[in-house]
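In: mind looking at a prediction? Sequence and model below.
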Amino acid sequence: MVKIAKRTQKTRDGIEPLKLYELDEAVSLVKERATAKFDETIEVAMNLGVDPRHADQMVRGVVNLPNGTGRSVRVAVFARDAKADEAKAAGADIVGAEELVEAVQGGQIDFDRCIATPDMMPLVGRLGKVLGPRGMMPNPKIGTVTADVTAAVTATKGGAVEFRVEKAGIIHAGVGKASFDEKAIAENIRAFTDAVMKAKPSGAKGNYVKRVAISSTMGSGVKIDPTSLASA
């Protein structure tokens, strides 16, 4: 327990908890404190002025990070015939139709994201109770129900990140790895926060972005001045 306390204190040293840092400085602080024995994920958390219990205040979308996520993503595609072949050629890890639906119903979820062609949705719809709570249900609004499976698989493998606001009005996501250089991390963060800002719902009133902070998997949070997030 003493080692954990010392490590936690070390990640906090030099970070003023109430200060709003410029993005580049915040990235530098987080990166230099990411000293775990594994490649820590850089995470962004945004507190939004919305109440997602109201349909007109839901914030959801997908963004392609310019420098990828640094994470290997296993993709499953629900498709038949030529579209199944297309998905395999694009690099999908698992491809199937009825048999894949049955496997998922039986608890076999060996993937991180899934995509479905429109004709498969009557079948895939049965998996709502399984995939829904995991945030993995295919949805046309975020491009995971599509006939263009090649583009969808390529985007997902290449750094597409889904975001969805939670009950408390918080959105968080991994946007890179500590091994990335500072410029790549900052570019990814700007791309992510820009996508969230553009997804501002019609029902949002007052201050939409209340707080933004970044951290590494094992590190402390660093608060960011939202005005420094505008694309350079």
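Out: Good, I have the coordinates.

In: run through the chain and note the low-pLDDT ranges.
Out: Applying pLDDT under 70 to the chain flags residues 1-12, 231-232.

In: the strands in it, which residues?
Out: Taking DSSP state E as the test, the strands found in the chain are 41-48, 60-64, 75-78, 94-96, 113-116, 160-164, 170-177, 209-216, 222-223.

In: what about the longest helix in this structure?
Out: helix 182-198 (DSSP state H).

In: chain center to it, what's the gap?
Out: Offset of helix 182-198 from its chain centre (CA atoms, centre = their mean, to the nearest Å): 12 Å.

In: and it with strand 160-164, angle?
Out: Using axes from the mean of the first three to the mean of the last three CA atoms, to 10 degrees, the inter-axis angle of helix 182-198 relative to strand 160-164 is 40 degrees.

In: okay, helix 182-198 in CSV with CA atoms only?
Out: Taking C-alpha atoms only, helix 182-198 is exported to CSV below (Å, rounded to 0.1, in the frame of the first residue of the first chain):
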residue,chain,number,x,y,z
GLU,A,182,3.4,15.2,-27.7
LYS,A,183,2.3,16.6,-31.0
ALA,A,184,0.4,13.5,-32.0
ILE,A,185,-1.3,13.3,-28.6
ALA,A,186,-2.4,17.0,-28.8
GLU,A,187,-3.7,16.5,-32.4
ASN,A,188,-5.8,13.5,-31.3
ILE,A,189,-7.2,15.4,-28.3
ARG,A,190,-8.1,18.4,-30.5
ALA,A,191,-9.8,16.1,-33.0
PHE,A,192,-11.8,14.3,-30.2
THR,A,193,-12.9,17.5,-28.4
ASP,A,194,-13.7,19.2,-31.7
ALA,A,195,-16.0,16.3,-32.6
VAL,A,196,-17.8,16.4,-29.2
MET,A,197,-18.3,20.2,-29.6
LYS,A,198,-19.7,19.7,-33.1
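
In: quick one: I170 and P226, what's the gap?
Out: 15 Å (CB to CB, to the nearest Å). Just so you know, the C-beta spots here come from the backbone N, C-alpha and C atoms, and that holds for glycine as well.

In: show me which of the two is the more surrounded one.
Out: Ranked by neighbour count (other CB atoms under 10 Å), I170 and P226 place P226 first, with 18 against 15.

In: residues contacting that one?
Out: Listed by CB atoms under 8 Å, 6 or more residues apart in numbering, the contact partners of P226 are V209, V212.

In: could you find the closest non-adjacent residue to K167?
Out: P52 (6.4 Å; CB to CB, 6 or more residues apart in numbering).

In: again with H54
Out: Counting by CB to CB, 6+ apart, the nearest residue to H54 once its immediate chain neighbours are dropped is G203, at 5.7 Å.

In: surely the one you found meets V59?
Out: No. Taking contacts as CB atoms under 8 Å, G203 lies outside contact range of V59: 10.2 Å.
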